[in-house]
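J.: Quick one: sequence and predicted model below, then my questions.
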Amino acid sequence: MPWGRQAAARKAAVERLYAGIIRQALDPAAYAEGLAEDSFDGRSGMVGLHATLVVWRLGLADTPESRKLQSLLHERVMSGFDASFRETGVGDSSIARKVRALGEAYYGLGTAVVAVLQGPEADWVEGLAPILVRNGITLPSHAAPAAARIGRLAAGLRDMADGSVLDLGLVPAQ
């Protein structure tokens, strides 16, 4: 495939992945059930959390294409954070600082979540619950059910065939 078409195909794949992440992260049911804080921080945390799961799954494929998609997806998530700040009316002079802080939180969350997911699945809920609370994604009273939901989503992603993941845009049902 010529370079231009390959880049366009990757961009389209990343947009499908990002749309699936946003659909899952902003699912009204999670907020209605109290599994996620209905605030800018809670919603951005959910986006970062769901993006982390997809990036983690792409990493399991461990191909040159999946590594490229991981990188492009990180960039797309950061671009989405920037756009969210602009939509909320944050002034241009402070956007870079706020996006940098949100990016640091996203990468910190990702590092912590991936560390848990590298362990036994039986330990995922116990490992994820404090991370979700610490990052302001959920309240302590909802940490276990929120972590269980994320664990089910991670297991569903893990169990998908590599080819299906690379063509995502669909996110498995919880």
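T.: Arrived safely, thanks for sending.
J.: Tell me the predicted confidence for the spatially most central residue of the chain.
T.: Geometric centre of the chain, nearest residue: residue 51, 1.7 Å, by CA atoms, centre = their mean. At residue 51, the model reports a pLDDT of 95.
J.: Excluding sequence neighbours, find me the nearest residue to it.
T.: Distances taken as CB to CB, 6 or more residues apart in numbering place residue 77 nearest to residue 51, at 4.7 Å, with adjacent residues excluded. For every residue, glycine as well, the C-beta is placed using N, CA and C.
J.: Equivalent analysis for residue 131, please.
T.: residue 112 (4.8 Å).
J.: go on, residue 11?
T.: residue 72 (7.3 Å).
J.: tell me the contacts of that neighbour?
T.: 10-11, 14 (CB atoms under 8 Å, 6 or more residues apart in numbering).
J.: Could you tell me which helix of this structure is the longest one?
T.: Criterion DSSP state H: the longest helix present in the chain is helix 92-117.
J.: what packs against the helix or strand following that helix?
T.: Downstream of helix 92-117, the first helix or strand assigned by DSSP states H and E is helix 124-134. In terms of contacts (3 or more CB pairs under 8 Å, 6 or more residues apart in numbering; DSSP states H and E), helix 124-134 is packed against helix 92-117, helix 143-159.
J.: chain center to stretch 55-64, what's the gap?
T.: In terms of CA atoms, centre = their mean, to the nearest Å, the centre of stretch 55-64 is found 14 Å from the chain centre.
J.: And it, what's buried?
T.: 55-58, 61 (16 or more other CB atoms under 10 Å).
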